[in-house]
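Colleague: just coords:
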């Protein structure tokens, strides 16, 4: 079940990214329960729980493109208790309506849908959980049972510092600044990740040497800023390029009674590559 859900939504999502920071490292390198901050563990434990449905709205932008309008990706699906994806009725998230796509393992989702107006608002998730037996059940009075719940979707995160340039660097004292969301109670997560296995190399050559280093830094969303410390950069070699991610997310579990759980979540992130300068 958990593996199926993770595969379905692994296009991104702050929950998945923070989970990947720890779980994709070898067990010898990282003890998740021992080293992950409590905020990250909330995300991690949420994703690990058993659900028979999982739906999200998600948006990822780069530092260079964060001020341009772009589509919101919506992904989700229903599953049997054994973890097999199945089609059910329509799903409505705010003003967006979705049906299962048989060509993509009954995924509910669509690339290219504009949903930016949902960020910073309380969004209604309406899940038609009627088993359709491979046909589509549309929303309507005769389509009960329906699971309905409301969740706050955090404001889209935008960085005001640093600004994008062709030679972005990160060092002790680098100030990260973003727009504050007063209604966001789950804080902001900053992720620094260096993975030599992802570096380009020619076919036949040995992959670049070095050990993966990943840091997840949870901060509050009240001040709208964070200054990089020496501890944050510990383990990252000078001159290496690291993947930087900052974002906020919200999530909740809802049910239709009888113990059947459905996961709802939303996230917004900005990503960039930085050259470590010590």
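Modeller: Done, it's in. Because the structure is a prediction, the values reported are computed rather than measured.

Colleague: for the stretch 101-250 of the chain, give me the ranges with low pLDDT.
Modeller: The stretch 101-250 of the chain contains residues with pLDDT under 70 at 110-113, 131-145, 199-210.

Colleague: for the stretch 1-150 of the chain, which segments count as helices?
Modeller: Secondary structure of the stretch 1-150 of the chain by DSSP state H, counting those that start in this stretch: the helices cover 2-9, 14-23, 32-35, 38-48.

Colleague: show the contacting residues for residue 221.
Modeller: Residue 221 makes contact with 180-182, 184, 186-188, 248, according to Cβ atoms under 8 Å, 6 or more residues apart in numbering. (Each C-beta comes from the backbone N, C-alpha and C, glycine too.)

Colleague: looking at those residues, which is nearest residue 59?
Modeller: residue 248 (11.2 Å; Cβ to Cβ).

Colleague: and that closest one, helix, strand or coil?
Modeller: strand (DSSP: H, G, I helix; E, B strand; the rest coil).

Colleague: and residue 149, what are its bridge partners?
Modeller: residue 125 (DSSP bridges).

Colleague: so it is in contact with residue 265, correct?
Modeller: No. Judged on Cβ atoms under 8 Å, residue 149 makes no contact with residue 265 at a distance of 11.7 Å.

Colleague: one step back: among the contacts of residue 221, name the ones in strands.
Modeller: 188, 248 (DSSP state E).

Colleague: ok, the contacts of residue 221 vs residue 218, which is closest?
Modeller: residue 187 (5.5 Å).

Colleague: what's the spacing between that closest one and residue 234?
Modeller: Relative to residue 234, residue 187 is positioned 22 Å away (Cβ to Cβ, to the nearest Å).

Colleague: for residue 217, phi and psi?
Modeller: When read as degrees, to the nearest 10, the backbone of residue 217 gives phi -120, psi 110.

Colleague: what about it, how many neighbours?
Modeller: 19 (other Cβ atoms under 10 Å).

Colleague: with residue 214 instead?
Modeller: By the criterion of other Cβ under 10 Å, residue 214 has 21 neighbours.

Colleague: which SS class is it?
Modeller: strand.

Colleague: so it touches residue 194, yeah?
Modeller: Yes. Because the distance of 7.4 Å satisfies Cβ under 8 Å, residue 214 is recorded as touching residue 194.

Colleague: shared neighbours of these two, anything?
Modeller: Joint contacts of residue 214 and residue 194 (Cβ under 8 Å, 6+ apart) do not exist.

Colleague: ok, residue 187 and residue 234, which is more surrounded?
Modeller: residue 187 (16 against 9).

Colleague: and that one, what does it touch?
Modeller: So residue 187 contacts 39, 218-221, 248 (Cβ under 8 Å, 6+ apart).
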